[in-house]
Every structure is written in C-alpha cells, then in structure tokens.
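Novice: Task: produce atomic coordinates for the following.
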Amino acid sequence: MSALVRLLKTGRNLAEGIPYSLVALIARLSVASVFWRSGLTKVDETFQVKSTTFFLFKEEYKVPVIPPEILAYLATYQELIGAVLLVIGLATRLTALAFMGMVAVIQVFVYPQGWPDHILWFALLFLLVARGPGRSRSITSSGGA
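Specialist: Alright, predicted model coming up:
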C-alpha cells in the first residue's frame, strides 16, 4: 500500500471519528448567528419591532399572501426565538424546518440573487432536520460514561 493511500485512510478515519454532536453544534451555532443578527436589526433595544422593519416588509420584501405587518412580527420573532432554540438545542428539528421555510421564501420572493448564502444555510438546516441536534448530557439523560 502506498504512502498516499495510507495517508488518505488515516485522514478518513480521523474525519469519521468526529462526533456528530460537534458537527451539529457547529451547524446550530452557525445558522443561529445568521438569524439572530438579522432579527436584532429588526427590533429596538426593548425588542419591539421597529417602524423601519414594517417599512421593509411593505416596500422592499413584498411577500405575497401574508400582510406585511403580520409577516414583520412573524419573521422577526421567528429569527430571534428560533436562534435561541437552536443554540440550546431545543426543538431543533422543528425550528430548522421553520427556518428552511423562511429561507425558501427569502430565496423565491425577496432576494433570489442571494442563493449562494441561502443554499449554505439550507444545507446546514437540512442536516439538523435529518439528524437532529446531536447528543448532549442533561439531567434527564441516563447515567453512565
């Protein structure tokens, strides 16, 4: 066996040894940071939706079917609450699925030219829907090492 093949096998074995919990944590934190920062731009210091947010939803985003005033509240608080849920790993699959819907709406109706970012967010969210938040120790988990 050549040195290159041995090196590649060693690398693959090391990569396969990375715990999914670490991969999921990185995915959760990455996506959460995007939506948290976006949500913060839409609220004031008391977490009330800003008037500029309503303007954006009415004049720039123009998503059909849902009135912009309602959508401004829904999107803003989904970003903020969903980001927190992802960070703590609570309702991860449901939250990631909701964010996938949001990303799809953003891609189709708001910023279709933003697909290079959207596809990355979607991929991380898809991973979380498919595999969940990863394992963590908690008071409710069974004992043992």
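
Novice: Where does the residue positioned nearest the centre of the chain sit, in terms of helix or strand?
Specialist: Centroid-nearest residue in the chain, with Cα atoms, centre = their mean: Val31, separated by 3.4 Å. Assigning secondary structure by DSSP states H and E places Val31 in helix 20-40.

Novice: now that helix, how far from the chain's geometric center?
Specialist: Centre-to-centre, helix 20-40 and its host chain are 5 Å apart (Cα atoms, centre = their mean, to the nearest Å).

Novice: what's the average pLDDT for it?
Specialist: Mean per-residue pLDDT for helix 20-40: 97.

Novice: same thing with stretch 133-145?
Specialist: The model assigns stretch 133-145 a mean pLDDT of 55.

Novice: Low-confidence regions, this protein specifically.
Specialist: 136-145 (pLDDT under 70).

Novice: re the thing from before, and the residue nearest to the centre of the chain, what does it touch?
Specialist: Val31 makes contact with Leu86, Ala96, Phe99, Trp121, Leu124, Leu125, Leu128 under the criterion Cβ atoms under 8 Å, 6 or more residues apart in numbering. (Each C-beta comes from the backbone N, C-alpha and C, glycine too.)

Novice: What number of residues are in the vicinity of the fifth one?
Specialist: It refers to Leu124. Using other Cβ atoms under 10 Å, Leu124 has 23 other residues around it.

Novice: For it, which non-adjacent residue is closest in space?
Specialist: Counting by Cβ to Cβ, 6 or more residues apart in numbering, Leu124 lies nearest to Ala27, which is 4.4 Å off, once chain neighbours are set aside.

Novice: Now do that neighbour against Arg131, distance only.
Specialist: 9 Å (Cβ to Cβ, to the nearest Å).

Novice: Tell me how far the residue nearest to the centre of the chain lies from Phe54.
Specialist: Noted for Val31: a distance of 25 Å to Phe54, by Cβ to Cβ.
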